[in-house]
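[1] pasting the sequence and the predicted coordinates here, then a few questions.
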Amino acid sequence: MNKLIVLISLISLAVILYAFIGRKGTPTSSIHQFSAKNIDGEEVSLSSFKGKKILIVNTASKCGFTPQYKDLEALYEKYKDKNFVIVGFPCNQFGNQEPGSSSDIKSFCTRNYGVTFPMMEKVDVKGDSICDIYNWLTSKEKNGVESSSVKWNFQKYMIDENGFLVGNVNSLKSPNCDKIVNWIEGK
């Protein structure tokens, strides 16, 4: 009988441990603590987005994924009046695909894709010079939810209305994929 109780206890413990393996953590801090310079060089506090879902995307003008700007702008236009914002962070760390200045990037985005969502100055999203926002986005130790690495341009990070990380979507997925749209719509 004692062996059966021990066996049942071990199985129960294994089931409980298995349930927690791979689960996302609990948010420990908010992205609202950060600020960044926008594409015009003005400081923007991310706390100005409190109450909105935020989709953060590292962008590039000369990438195979650059046409995602069109889908990002369409998504922004559709949901911007429903407490949603997209924030683009140009990055030149993947194949030197964002070599231009802030004014070059702004002109490109406006002229070719009609971008109206907020764009920030160029940043590093990995490595020794990673900016504070991406350091937070990619470190479970800092965001409390998950660790990740930015693999390429147009990786998307979802932030809830309280500034907590929800998850990320890789570059291969369109900005209007089910995961992002369902998250925006609260499904």
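    Perfect, I can see it now.

[2] contact partners for the residue nearest the centre of the chain?
    What sits nearest the mean C-alpha location of the chain, by C-alpha atoms, centre = their mean, is Tyr157, with 1.4 Å. Counting by C-beta atoms under 8 Å, 6 or more residues apart in numbering, Tyr157 touches Leu55, Ile56, Val57, Leu137, Leu165, Gly167, Asn168. Placement of C-beta: from N, CA and C, glycine included.

[3] show me where this protein has its strands.
    With DSSP state E as the criterion, the chain has strands at 35-37, 43-45, 53-59, 84-90, 156-159, 165-169.

[4] what number of residues lie near the closest residue to Thr26 other than its chain neighbours?
    Sequence neighbours aside, Gly144 is the residue nearest to Thr26 in space, at 5.6 Å (criterion: C-beta to C-beta, 6 or more residues apart in numbering). Other residues near Gly144 come to 17 when the count uses other C-beta atoms under 10 Å.

[5] which residues does Gly144 contact?
    Contacts of Gly144 (C-beta under 8 Å, 6+ apart): Gly25, Thr26, Pro27, Thr28, Ser29, Phe164, Leu165.

[6] mind listing what the fourth one touches?
    Taking C-beta under 8 Å, 6+ apart, we find Thr28 in contact with Lys142, Asn143, Gly144.

[7] reformat those as a markdown table; add distance to Thr110 and pLDDT.
    A markdown table is the format used below for the contacts of Thr28 (distance: C-beta to C-beta, whole Å; pLDDT from 0 to 100):
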| residue | distance to Thr110 | pLDDT |
| --- | --- | --- |
| Lys142 | 33 | 95 |
| Asn143 | 32 | 95 |
| Gly144 | 36 | 94 |
